[in-house]
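J.: For reference, the sequence and a predicted model appear below.
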Amino acid sequence: MRVLVTGGAGFVGSHFCDRLLAEGHGVIVMDNLITGNPLNLAHLAGHGEFDFVRYDVSNFIFVPGPVQAVVHLASPASPNPASPYGYPQLPIQTLKAGALGTHNALGVARACQARFLLASTSEIYGNPESHPQAESYWGRVDPIGPRSVYDEAKRFAEAITMAYHRTHGIDTRIARIFNTYGPRMRRDDGRAVPNFITQALAGHPLTVYGDGSQTRSFCYIDDLIEGLYRLLLSDVHEPVNLGNPDEITIRTLAEATNRIAGNRAGVVFHPERRDASDPDRRQPDIGRALRELGWSPTIDLETGLARTIEDFRKSS
């Protein structure tokens, strides 16, 4: 296939480009680089089946020649207001990527009669009352809070994707991606894994907000890419959760990071700073992915953290 990947210079996007090229597909990346990193794609320079276009997909998209698949990954993703790459710092761009960007990417899929894969998020579930979160759960989302620019952009993106599927017969797929980590994450991303690793490698105490009892489920990037690729090749049109169902506390993550990095500085606890819409617990129900795609994660947290820490060491 010839595949258009929006947001392909990002953490997830660049790894997906690697997988597509390894499978023999051609790749065109569109990315305006407001959160993407061109270094993530530097190793692909000169590859005969790879092209990069610096472009904002919230504008009309035209791709010359045939396209057999469109993968829409473009969006800021970090919830940290202190990060220059987070959606709290880029609220309008985030809404435009989810709304206008998805509309334009679907337009390419319709014009080319291509299959379409939307990268959605576990954040469409909001601060859930249902646990673990299955695709049948409609969510509990604050539509005007500080996180709403990301949550509602993705909810709209899912709605318009299904509208194009039902109205125009576009061959669509929707991946609801849960917390993912691995090489190529930005050090200043603001999320727990890069924060902890950066502090640990500097020999500093790891900063945990609150008592560390809030939970997340962390999926290593290679596992996520396998799930995304299987979904792209599938005939599944309903949303599919992709994430690791092993739920751990943030404190456990911090302690594991210190142990693997060899950091003896420990953990320090600061007053909780989360808003009411920040979920207390997050865990995917991956039953649909297992049934429809034959997919489940295979890389445990210890292995994934060790690989990620080694990548951070090399790039320091």
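T.: Cool, got the structure.

J.: Flag the shaky bits of the stretch 51-200 of the chain, pLDDT-wise.
T.: Judged by pLDDT under 70, the stretch 51-200 of the chain has no weakly predicted residues.

J.: all helices for it, in order.
T.: Secondary structure of the stretch 51-200 of the chain by DSSP state H, counting those that start in this stretch: the helices cover 91-96, 102-112, 148-168, 192-201.

J.: Those: which one's closest to Tyr229?
T.: helix 102-112 (17.6 Å; CB to CB). Bear in mind the C-beta positions are built from the backbone N, C-alpha and C, glycine included.

J.: Would you check how far apart Ser213 and Phe269 are?
T.: With distances taken as CB to CB, to the nearest Å, Ser213 is found 11 Å from Phe269.

J.: actually His25, sorry about that
T.: For His25, the distance to Phe269 (CB to CB) stands at 47 Å.

J.: nearest spatial neighbour of Phe178, skipping sequence neighbours?
T.: If you skip the residues right next to it in sequence, Phe178 has Gly243 as its closest partner in space, 2.6 Å away by CB to CB, 6 or more residues apart in numbering.

J.: Can you tell me the closest non-neighbouring residue to Leu106?
T.: Tyr164 (4.8 Å).

J.: hmm, back to that, the residue nearest to Phe178: how many residues sit nearby?
T.: Other residues near Gly243 number 28, with proximity taken as other CB atoms under 10 Å.

J.: How much space separates it from Phe52?
T.: Taking CB to CB as the criterion, Gly243 is separated from Phe52 by 29 Å.

J.: Can you pull the phi/psi pair for the residue sitting furthest away from the middle of the chain?
T.: Note on the chain: the largest separation between a C-alpha and the mean C-alpha position, by CA atoms, centre = their mean, falls on Arg264 (31.0 Å). Dihedral pair for Arg264: phi -100, psi 10, per degrees, to the nearest 10.

J.: what about the stretch 201-316 of the chain, any weak spots by pLDDT?
T.: Answering for the stretch 201-316 of the chain: the residues below the bar, that is pLDDT under 70, span 273-277.

J.: For it, which segments count as helices?
T.: Assigned helices in the stretch 201-316 of the chain, in chain order: 221-233, 250-261, 287-293, 301-315 (criterion: DSSP H, counting those that start in this stretch).

J.: mind checking the SS state of the residue nearest to Ala9 when sequence neighbours are not counted?
T.: With CB to CB, 6+ apart as the measure, Gly36 is the residue that lies nearest to Ala9, at 3.0 Å, once sequence neighbours are left out. With DSSP: H, G, I helix; E, B strand; the rest coil as the basis, Gly36 sits in coil.

J.: Hmm, Gly36 is touching Gly10, no?
T.: Yes. Taking contact to mean CB atoms under 8 Å, the distance of 4.6 Å between Gly36 and Gly10 places them in contact.

J.: More neighbours: these two, which one.
T.: In terms of neighbours (other CB under 10 Å), Gly10 is the more surrounded of Gly36 and Gly10; the figures are 30 against 24.

J.: ok so, going back, residues in contact with the residue nearest to Ala9?
T.: Taking CB atoms under 8 Å, 6 or more residues apart in numbering, we find Gly36 in contact with 7-10, 13-14.

J.: between these, which is nearest Trp295?
T.: Where these are concerned, and distances follow CB to CB, Trp295 has its nearest neighbour in Gly13, at 19.4 Å.

J.: Tell me how far the closest one lies from Phe62.
T.: Here the distance between Gly13 and Phe62 works out to 20 Å (CB to CB).

J.: So which of those two has more stuff around it?
T.: The neighbour count for Gly13 versus Phe62, taken as other CB under 10 Å, is higher for Gly13 (25 against 10).

J.: Let me see the contact set for the more buried one.
T.: Contacts of Gly13 were listed using CB under 8 Å, 6+ apart, and they are 5-7, 29, 31, 36, 40, 73-74.

J.: One more: Arg307?
T.: Neighbouring residues of Arg307 by CB under 8 Å, 6+ apart: 182-183, 220.

J.: can I get those in a markdown table with neighbour count and distance to Glu292?
T.: Compiled in a markdown table, those are given as follows (neighbours: other CB atoms under 10 Å; distance: CB to CB, whole Å):
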| residue | neighbour count | distance to Glu292 |
| --- | --- | --- |
| Gly182 | 23 | 24 |
| Pro183 | 20 | 28 |
| Tyr220 | 22 | 21 |
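
J.: so of the residues you listed, which ones are in strands?
T.: Of these, the ones assigned to strands by DSSP state E are Tyr220.

J.: nearest to Lys314, of the contacts of Arg307?
T.: Distances from these to Lys314 were compared by CB to CB; the smallest belongs to Pro183, at 8.8 Å.

J.: ok, how many other residues are close to the closest residue to the closest one other than its chain neighbours?
T.: Using CB to CB, 6+ apart and skipping residues adjacent in sequence, the residue nearest Pro183 is Asp311, 3.7 Å away. Asp311 has 15 neighbours, counted by other CB under 10 Å.
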